[in-house]
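Trainee: sharing a sequence plus its predicted fold:
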Amino acid sequence: MEIARPYLLFLGDVPDALAAKTAIGIVDWREDWCLGQVRLPGCAADTGLPDMTIAEGAGAGVKTFIIGAVNAGGRLPDHWVESVVEALDAGMDVASGLHVRLASVPAIKEAAERNGRQLHDVRHSTMTFATGKGTKRSGKRILAVGTDCSVGKKYTALAMDKAMNERGYTSSFCATGQTGVFISGRGVSLDAVIADFISGAAEWLSPETDADHWQIIEGQGSLFHPSFAGVTLGLLHGSQPDGFIVCHEPTRTRMRGVETPLPTIQQVIDMTIACGKLTNPDIRCVGIAINTAALDDDEALAYLAKVGEKHGLPATDPVRYGMEAIVDKVSAEFGAP
């Protein structure tokens, strides 16, 4: 899936910023891809972008109208449909991360066909993938893995990609989830791919490239999570990473949504290496990313120092302290740009 830019972000009439987290996440990382926002009366969220009408967006050169808001059940409210149809009639493609398929709404389907525009359902890939082959391919890759779900793998991968480029490396972010696809403009939601083809989808996502090009791959799930380990393993095998970063939230004792105890960072390192060697015998851990949001500054710094010393690896919080220490490790292990 590839999404044309620039974007016009649709916030609808959501009641708070949390309901517009997709749009806000896009602006956090790709503000330069966005020309404005469309808000209906009563909308309580604001990305900080200029407010525009759909006609103004079309006149400014918008390519894709992004439904950047969510609601309970991932539905498309009836009163939003008019805006989607207006965007299609204005010559824009439309992209959505909602559960409902855009083409399942007759008025939207008819407008897309009438105008020859594309409908992107990011949660429902229309692509077909080969099975993974495991053949060694050129380029370098780093995968974000985790002790659990929702521990910061996407943010870590994005921050690492940014830091690598700032250091002078050639780097690109590879999205494996819906918000990541909007942020990168390309990718696939791996949790919507049939199990047999997950590793093949990961190979498509991080294809053969120049020997000095780094692909920073957004992780999914955890090898230790009983619900999602299958997706995690397929992504690990298909992405064939040279290095990986372990993401961790230190206050949890059990994995999200289940009674399974949280694994240790060392267990995740060992398991990732053991499983990852199938497609890259030289796989290694290059750092640890800790979500220290629940800790004050002194606690966070002490915890990072303790974890780094214990594992002999750079440990950082990407939000608070950046990724420079892990880039230093990559430079030491694989060479300067």
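Mentor: On my side now, so go ahead. Numbers count the residues shown, from 1 in each chain.
Trainee: and the next helix or strand past the host helix or strand of residue 111?
Mentor: Residue 111 is part of helix 106-115, with elements assigned from DSSP states H and E. Tracing the chain past helix 106-115, the next element assigned as helix or strand by DSSP H and E is strand 119-121.
Trainee: roughly how far out does that next one sit from the chain middle?
Mentor: Distance of strand 119-121 from the chain centroid (Cα atoms, centre = their mean, to the nearest Å) equals 17 Å.
Trainee: all helices for this structure, in order.
Mentor: For the chain, the helices identified by DSSP state H occupy 21-30, 54-60, 78-89, 106-115, 153-167, 178-184, 198-205, 229-239, 265-276, 297-311, 318-321, 324-334, in order along the chain.
Trainee: now the last one: average pLDDT?
Mentor: Yep, that's helix 324-334 we're talking about. Per-region confidence: helix 324-334 scores 98 on mean pLDDT.
Trainee: show me what it is packed up against.
Mentor: Secondary structure elements in contact with helix 324-334, counted by 3 or more Cβ pairs under 8 Å, 6 or more residues apart in numbering; DSSP states H and E, are helix 153-167, strand 243-248, strand 284-290, strand 315-316. Where you see a C-beta, it was placed from the backbone N, CA and C, and this is true even at glycine.
Trainee: excluding its backbone neighbours, what's nearest the residue nearest the centre of the chain?
Mentor: The chain has residue 180 as the residue nearest its centroid, 2.9 Å off, counting by Cα atoms, centre = their mean. With sequence-adjacent residues excluded and distances taken as Cβ to Cβ, 6 or more residues apart in numbering, residue 180 is closest to residue 218, at 4.8 Å.
Trainee: can you check the pLDDT for that neighbour?
Mentor: With respect to pLDDT, residue 218 has a value of 97.
Trainee: number of nearby residues for it?
Mentor: By other Cβ atoms under 10 Å, the residues close to residue 218 number 28.
Trainee: residues contacting it?
Mentor: Applying Cβ atoms under 8 Å, 6 or more residues apart in numbering to residue 218 gives the contacts 144, 153-154, 157-158, 173-177, 180, 187.
Trainee: show me the domain layout of the protein.
Mentor: Taking automatic domain parsing as the reference, the chain has its domains at 7-121, 140-334.
Trainee: would you tell me which one of those domains is buried the most?
Mentor: Using mean count of other Cβ atoms under 10 Å, the stretch among the domains of the chain with the greatest mean number of neighbours is domain 140-334 (a mean of 20).
Trainee: rewinding a little: how about the helices of the chain, which one is nearest residue 285?
Mentor: Of all the helices of the chain, it is helix 265-276 that lies closest to residue 285, at 4.9 Å by Cβ to Cβ.
Trainee: residue contacts, residue 215?
Mentor: For residue 215, the contacting residues are 139-142, 171-172, 174, 206, 209, 239, by Cβ under 8 Å, 6+ apart.
Trainee: and those residues as CSV, adding pLDDT and distance to residue 88?
Mentor: What follows is these, written out as CSV (pLDDT from 0 to 100; distance: Cβ to Cβ, whole Å):
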residue, pLDDT, distance to residue 88
139, 97, 37
140, 98, 40
141, 98, 37
142, 98, 38
171, 97, 35
172, 96, 30
174, 96, 29
206, 96, 32
209, 96, 35
239, 97, 35
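Trainee: which one of those residues sits closest to residue 193?
Mentor: The closest of the contacts of residue 215, once distances to residue 193 are taken by Cβ to Cβ, is residue 239, at 13.4 Å.
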